[in-house]
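A.B. asks: no letters, just coordinates:
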């Protein structure tokens, strides 16, 4: 009986520690990565504005090529929604919506995650013309986590984890656009 009591106290103590850590952990995160692509800013913009093109370069979208995809609206236009549902726990379920376009400069996307965790993130593409035939593409992600889930930010380096995935995706994008 004494061992069971110690185990129970240990579990309660661990839960209390996590809740305390969450009180002091940040709730928001933001990160971005950039790459230079030898194409005009208009060419890059025209490719990225079509969310379905992410199937060719995004590590996240490519996680499960067999996932169910439902599209709503006209791809490349504000209001277009690309929804996915996967049995693969890494891909989960959710949707991304094209919420803003600034010609040859900015593509604003809102991602709404349903599974494995609910959440909303902004994942914009910023495009800067460096020359007439060269552009810098910056892809970012910003979001927040509610208490007590924000305790994960204390233990995990979101900038590194998400940043690595974005870097892989941007390199694929560069390869596609520079063919």
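C.D. replies: Structure's in. What do you need? Note that this is a predicted model, so its numbers are computed, not measured.

A.B. asks: hey, let's count contacts and neighbours off CA atoms from now on
C.D. replies: Fine.

A.B. asks: which residues touch residue 145?
C.D. replies: 27, 28, 119 (CA atoms under 8 Å, 6 or more residues apart in numbering).

A.B. asks: since we're on residue 3, how many residues are nearby?
C.D. replies: Other residues lying near residue 3 total 8 when counted by other CA atoms under 10 Å.

A.B. asks: so how far is residue 138 from residue 179?
C.D. replies: Using CA to CA, to the nearest Å, residue 179 is found at 20 Å from residue 138.

A.B. asks: quick one: least confident helix or strand in this structure?
C.D. replies: One helix or strand of the chain scores below all others by mean pLDDT, DSSP states H and E: helix 152-155, with a mean of 67.

A.B. asks: could you point out which element follows that helix?
C.D. replies: Next in sequence after helix 152-155, counting helices and strands by DSSP states H and E, comes helix 158-177.

A.B. asks: pretty sure residue 78 sits against residue 99.
C.D. replies: Yes - counting by CA atoms under 8 Å, residue 99 is a contact partner of residue 78 at 5.3 Å.

A.B. asks: and residue 30, what are its phi and psi?
C.D. replies: When read as degrees, to the nearest 10, the backbone of residue 30 gives phi -150, psi 140.

A.B. asks: so what's it up against?
C.D. replies: Taking CA under 8 Å, 6+ apart as the test, what residue 30 contacts is 140, 141, 142, 143, 159.

A.B. asks: of those residues - the most surrounded one?
C.D. replies: Busiest of the contacts of residue 30 [other CA under 10 Å] is residue 141, holding 21 neighbours.

A.B. asks: and the pLDDT at the nearest residue to residue 144 once chain neighbours are set aside?
C.D. replies: With sequence-adjacent residues excluded and distances taken as CA to CA, 6 or more residues apart in numbering, residue 144 is closest to residue 28, at 4.1 Å. Residue 28 carries a pLDDT value of 75.

A.B. asks: so what's the residue count around residue 28?
C.D. replies: Residue neighbour count, defined by other CA under 10 Å, stands at 12 for residue 28.

A.B. asks: what do you get for residue 14?
C.D. replies: Residue 14: 12 surrounding residues under other CA under 10 Å.
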